[in-house]
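[1] sequence and predicted structure, then a few things I'm wondering about:
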Amino acid sequence: MAGLEVRDVSVRYGAGVAGVTAVDDVSLTVAPGEVLALLGPSGCGKSSLLRAVAGLEPLAGGQVRYDGADLAGLPVHKRRFGLMFQDGQLFPHRDVRRNVAYGLETLPLTRQERDERVAGLLDLVGLAGYEQRAVPTLSGGEQQRVALARALAPRPRLLLLDEPLSALDRQLRERLAGEVRAALVETGTTTVFVTHDHAEASAVADRVGVMDRGRLLQVAAPEELRTAPASDRVAEFLGLRA
Ligand SMILES: Nc1ncnc2c1ncn2[C@@H]1O[C@H](COP(=O)(O)OP(=O)(O)OP(=O)(O)O)[C@@H](O)[C@H]1O
């Protein structure tokens with residue numbers, strides 16, 4: 001199967017009775033070019049699942065497959081996945097251009113090709129002409145846009161975003177969610193986007209997977225989740241029940 005396939009994946013921390021099962025037998029797929037959001041309350045296992053897909057967390061069970069190949073034993077840097085976290089983690093002493101170009105340094109590109117790709121990505125995230133700006137002079141929203149451009153630059157075959165907008169205020173988050181979706185759709189980037197905010201999940205994703213206590217309760221298009229939640233618990237997360 002093309003794209004991402006998560007099969008019966010479990011993630012555990014610690015051993016024996018003191019151990020925690022953070023992800024409990026989860027299966028899902030993300031088709032090429034699709035944006036999937038993982039939605040659920042704090043501690044439900046979203047980040048653990050994302051980290052397991054990235055190869056940052058060992059699997060206690062199951063398989064992560066990409067384009068039909070089992071990724072067991074393939075280290076993080078060989079998966080050709082992009083990662084982006086809540087605080088963006090930009091390099092403070094590099095300007096915007098060198099932040100975005102970071103993942104291009106090992107690729108066989110001429111300087112002109114690299115600069116063109118950086119300029120195109122900055123344009124895509126609404127920061128055309130920002131190349132020379134110093135990171136500390138950027139607003140929080142601008143920093144997250146630069147982080148998105150940096151994550152997209154090497155054209156990862158899968159982009160993993162962990163609460164990328166959570167540090168921003170609600171108004172900006174809502175606007176940026178739409179812009180992030182537009183950038184992902186335009187670049188055809190296959191994406192898993194972790195969030196605890198249902199409005200953000202609906203704004204960004206083709207389908208939303210709702211998680212609770214390590215389990216995946218339902219995966220469906222935002223509209224279908226709203227009109228046909230599989231359980232009261234799903235309805236609760238979507239704000240459909242008090
Ligand atoms: N390194 C760790 N060691 C032990 N337990 C952990 C570790 N990381 C996460 N957990 C536990 O695993 C469970 C799932 O955590 P995880 O961070 O995956 O959830 P989350 O849904 O992403 O939460 P949040 O939105 O708060 O980040 C929680 O009970 C958490 O306490």
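    Sure thing, it's come through.
[2] and the protein, which of its residues are near the ligand?
    Counting by C-beta under 6 Å from any ligand atom, the chain comes close to the ligand at 13, 20, 22, 40, 42, 43, 44, 45, 46, 47, 48, 196. Any C-beta I mention is one placed from the backbone N, CA and C, and that applies to glycine too.
[3] ok, of these, which come out buried?
    22, 40, 44, 45, 46, 47, 48, 196 (16 or more other C-beta atoms under 10 Å).
[4] for the fourth one, give its distance to residue 71.
    Look at residue 45 and residue 71: by C-beta to C-beta, to the nearest Å, they are 19 Å apart.
[5] ok, longest helix in this protein?
    In the chain, taking DSSP state H as the definition, the longest helix is helix 170-187.
[6] that one: what's the following helix or strand?
    strand 191-195 (DSSP states H and E).
[7] buried set for that next one?
    191, 192, 193, 194, 195.
[8] quick one: mean pLDDT for it?
    On average, the pLDDT along strand 191-195 is 97.
[9] who's the residue nearest to the spatial centre of the chain bridged to?
    By C-alpha atoms, centre = their mean, the chain has its centre lying nearest to residue 161, at 2.0 Å. Beta bridges link residue 161 to residue 84, residue 193, judged by DSSP bridges.
[10] residues contacting it?
    Residues near residue 161 by C-beta atoms under 8 Å, 6 or more residues apart in numbering: 84, 151, 180, 191, 192, 193, 194.
[11] okay if I get those residues as a markdown table plus distance to residue 57?
    Below are the contacts of residue 161 laid out as a markdown table (distance: C-beta to C-beta, whole Å):
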| residue | distance to residue 57 |
| --- | --- |
| 84 | 17 |
| 151 | 19 |
| 180 | 24 |
| 191 | 19 |
| 192 | 14 |
| 193 | 18 |
| 194 | 13 |
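[12] check which residues of the worst-scoring helix or strand of the chain on mean pLDDT are buried.
    The weakest-scoring helix or strand in the chain, judged by mean pLDDT, DSSP states H and E, is helix 232-237 (a mean of 87). By 16+ other C-beta under 10 Å, the buried positions in helix 232-237 come out as 233, 234, 235, 237.
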